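Peer 1: build the 3D model from these lines:
(one chain, ligands or ions: 1)
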Amino acid sequence: MTTKLRVLDDAVPPDLPHEEGHGDAPGALGTSDASAYRSSLEPRRVFVDTFGCQMNAHDSERMVGLMAAEGYAPTEDPEIADLIVLNSCSIREKAEHKLLSAAGSLKFIKEKRPDAVLAIAGCVAQQEGKSLLARAPHIDIVFGPDHIARLPELVREVQQTRRRVSETEFLSRSEFAFPRLTDASSVPVSAYVSVMKGCDKFCTFCIVPFTRGREVSRDAADILDEVQWLAARGSQEIVLLGQTVNAYGRQKRSGQVPFHELLAQVAAIPGVRRVRFTSPHPSDFTDAQILAFRDVPELCPHMHLPVQSGSDDVLARMRRGYTRAEYLAVVRRLREVAPSVSLTTDIIVGFPGETEKDFQDTLSLVEEVRFQAAFCFAYSERTGTRAVGLDGVVPFEERARRLRILLERQEQITGEWLSSMVGQRLEVLVEGPSKSDPARSTGRSGQNRPVHIDGSFLPGTMLEVEVVEAFRHSLRATPIAKTPMATSVASSSAA
Ligand code: SF4
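Peer 2: All right, here's what the predicted structure looks like:
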């Protein structure tokens, strides 16, 4: 689903006519006839290219599953696909540019194969709606995240009517259905399960509340039913997904349970050996959620806890809803309860008004917490967010300088931590063969670190390994034994 499309020139073609039945020689098949002939022999194919976050990757999996139920096989080659979906992201400027460039390249495919249905999904689609159809006459469907479950219906509509469709209004709670995996042949060892959608936080730099709507938690019974289905088909690790995942159930609607209870209930499902969740919001933590890292052995000792800045002034301008001290209090409590927990984070530098002192506060927070990894970004303005127009714009070069300094320091900290792992024993869930070396398998430790293991092991094998080498972002290990144990914070100081 990550195949790159060819980027062609940006000349805008006229709206492409739907060609019917003309050929080079008597009896030759025209475009539509050829497609019909081919489709009677071969499965139709769907290509989904994903931009942006894990939520989008999960949505893309679901789209592939929905289309599989309609007889579409997934392909990595957009040039032979009958349906192409670009699942867009607008959280970073780069992702949006990449989407627009990929969308431009689809003109070439539409010219060659007018019957192919081209769609843009995700956050850019939600934001731009019909204007995307106007700007890109070769695109057939634009649809927002609320309409994923309707993808087969939208595709059929375009095929039958050749009318172009835009679906971007938010659905009400009762109308919205959380899309779930239905294709048993593509069940992964580690499966994402949506527990909520949207966000009520409205951080000033973020577009998500405008593109994914307000927070809606899913019924616990529906979540548990999906987890049971996945576990029965081989998923051993369940990653609960939401924009502010630990806000799950906060609205206390019927059918929901507190998030810590949901964690325990998911972990208790037969076949589930590991549970993770991403991404929590620091101000939504309850002590019961933190204690789950002690009380639920299947809960992996890793947490991605976005901080964004170490400066109270910047946090306030970002409207993050916590102070530096409050963030550090969550980290301290977590490490008290689960000393082996690994922490990763997101950081933005160069937010409007960020002074050198604010930046130094971020660096000092990084020193204090010693994150195992951090996704660091220079601030870039997103149209439609509240940060647009804030005073104190930091010059681009200064943002780049701060980012460089932060990345260098974080790389050192990550490197020191990875080196300290050499000689330790870990439990690793194998996900498949290594991409770079077929003599090795790749999996993840409980702390969510990629581990390359000498030897070939089936996906889903849980192995005890010894770390023998540290790379820049991953580890190499030799196998010791297959283990029937579930990951345990208590039993594995470096799991
Ligand atoms: S918590 Fe803030 S950054 Fe995260 S999705 Fe919500 S608005 Fe965006």
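Peer 1: need the nearest residue in space to Pro78, chain neighbours excluded.
Peer 2: The shortest distance from Pro78 to any non-neighbouring residue, by C-beta to C-beta, 6 or more residues apart in numbering, is to Phe47 (4.4 Å). For glycine as for every other residue, the C-beta is placed from the backbone atoms N, C-alpha and C.
Peer 1: on the three-state scheme, the one you found is what?
Peer 2: Using DSSP: H, G, I helix; E, B strand; the rest coil, the structure places Phe47 in strand.
Peer 1: right, and the helix or strand after the helix or strand harbouring Ala292?
Peer 2: Here Ala292, judged by DSSP states H and E, is contained in helix 287-295. For helix 287-295, the following helix or strand on the C-terminal side (DSSP H and E) is strand 302-304.
Peer 1: strand partners (parallel or antiparallel) of that next one?
Peer 2: strand 342-349 (parallel) (DSSP bridges).
Peer 1: show me what the next helix or strand after the partner strand is in contact with.
Peer 2: Sequence-wise, the next helix or strand downstream of strand 342-349 (DSSP H and E) is helix 356-369. For helix 356-369, the surrounding residues in contact (C-beta atoms under 8 Å, 6 or more residues apart in numbering) are 307, 309-314, 324, 327-328, 331, 343, 345, 347, 349, 374, 402, 405-406, 409-410, 413.
Peer 1: which residues in the stretch 201-350 of the chain form helices?
Peer 2: With helices called from DSSP state H, counting those that start in this stretch, the stretch 201-350 of the chain shows them at 208-211, 220-232, 259-267, 287-295, 312-318, 324-337.
Peer 1: which one of the ones you listed lies nearest to His302?
Peer 2: Taking C-beta to C-beta, helix 287-295 is the member of the helices of the stretch 201-350 of the chain nearest to His302, at 9.7 Å.
Peer 1: buried stuff in the closest one?
Peer 2: Buried residues in helix 287-295, defined by neighbour count with 16 or more other C-beta atoms under 10 Å: Gln289, Ile290, Ala292, Phe293.
Peer 1: quick check: angle from that helix to helix 259-267?
Peer 2: Helix 287-295 and helix 259-267 meet at an angle of 30 degrees, taking axes from the mean of the first three to the mean of the last three C-alpha atoms, to 10 degrees as the criterion.
Peer 1: what packs against helix 287-295?
Peer 2: Counting contacts by 3 or more C-beta pairs under 8 Å, 6 or more residues apart in numbering; DSSP states H and E, helix 287-295 packs against helix 259-267, helix 324-337.
Peer 1: chain center to that helix: distance?
Peer 2: A distance of 25 Å separates the centroid of the chain from that of helix 287-295, by C-alpha atoms, centre = their mean, to the nearest Å.
Peer 1: for it, what is the average pLDDT?
Peer 2: Averaged across helix 287-295, pLDDT comes to 97.
Peer 1: what does stretch 388-396 give?
Peer 2: Stretch 388-396 carries an average pLDDT of 94.
Peer 1: for ChimeraX, write the selection for the buried entries among the contacts of helix 356-369.
Peer 2: In ChimeraX syntax, the buried subset of the contacts of helix 356-369 is picked out as below (16+ other C-beta under 10 Å):
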select :307,309,310,311,312,313,314,324,327,328,331,343,345,347,349,374,402,405,406,410,413
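Peer 1: Cys203 versus Ala387, what's the distance?
Peer 2: Distance, Ala387 to Cys203, by C-beta to C-beta, to the nearest Å: 9 Å.
Peer 1: kindly report the same for Arg404.
Peer 2: Taking C-beta to C-beta, one finds Arg404 at 24 Å from Cys203.
Peer 1: for Ser441, same thing?
Peer 2: Distance of Ser441 to Cys203, given as C-beta to C-beta: 39 Å.
Peer 1: contacts for stretch 426-442?
Peer 2: With C-beta under 8 Å, 6+ apart, stretch 426-442 has contacts from 188-190, 236-237, 273-274, 443-447, 450-467, 475-477, 483, 485, 487, 492, 494-495.
Peer 1: do stretch 208-216 as well
Peer 2: Residues outside stretch 208-216 that contact it (C-beta under 8 Å, 6+ apart) are 55, 90-91, 122-123, 126-127, 144-146, 170, 173, 176, 196-202, 243-244, 247, 250-251, 384-385.
Peer 1: cutoff 6 Å now
Peer 2: For stretch 208-216, the surrounding residues in contact (C-beta atoms under 6 Å, 6 or more residues apart in numbering) are 123, 126-127, 145, 170, 173, 197-200, 202, 243, 384.
Peer 1: in a markdown table: the residues you listed, plus neighbour count and pLDDT.
Peer 2: Compiled in a markdown table, the contacts of stretch 208-216 are given as follows (neighbours: other C-beta atoms under 10 Å; pLDDT from 0 to 100):
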| residue | neighbour count | pLDDT |
| --- | --- | --- |
| Cys123 | 28 | 86 |
| Gln126 | 26 | 88 |
| Gln127 | 20 | 85 |
| Pro145 | 24 | 89 |
| Phe170 | 19 | 87 |
| Arg173 | 11 | 77 |
| Lys197 | 22 | 91 |
| Gly198 | 22 | 91 |
| Cys199 | 21 | 93 |
| Asp200 | 15 | 93 |
| Phe202 | 14 | 94 |
| Gln243 | 21 | 92 |
| Gly384 | 11 | 85 |
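Peer 1: now do stretch 250-263, average pLDDT.
Peer 2: 90.
Peer 1: which positions in this protein make contact with the ligand?
Peer 2: Residues of the chain lying close to the ligand by C-beta under 6 Å from any ligand atom are Cys199, Lys201, Phe202, Cys203, Cys206, Val208, Pro209, Gln243, Thr244, His281.
Peer 1: skipping its backbone neighbours, what lies nearest the fifth one in space?
Peer 2: Read that as Cys206. Cys206 sits nearest to Thr385 (C-beta to C-beta, 6+ apart), 6.3 Å away.
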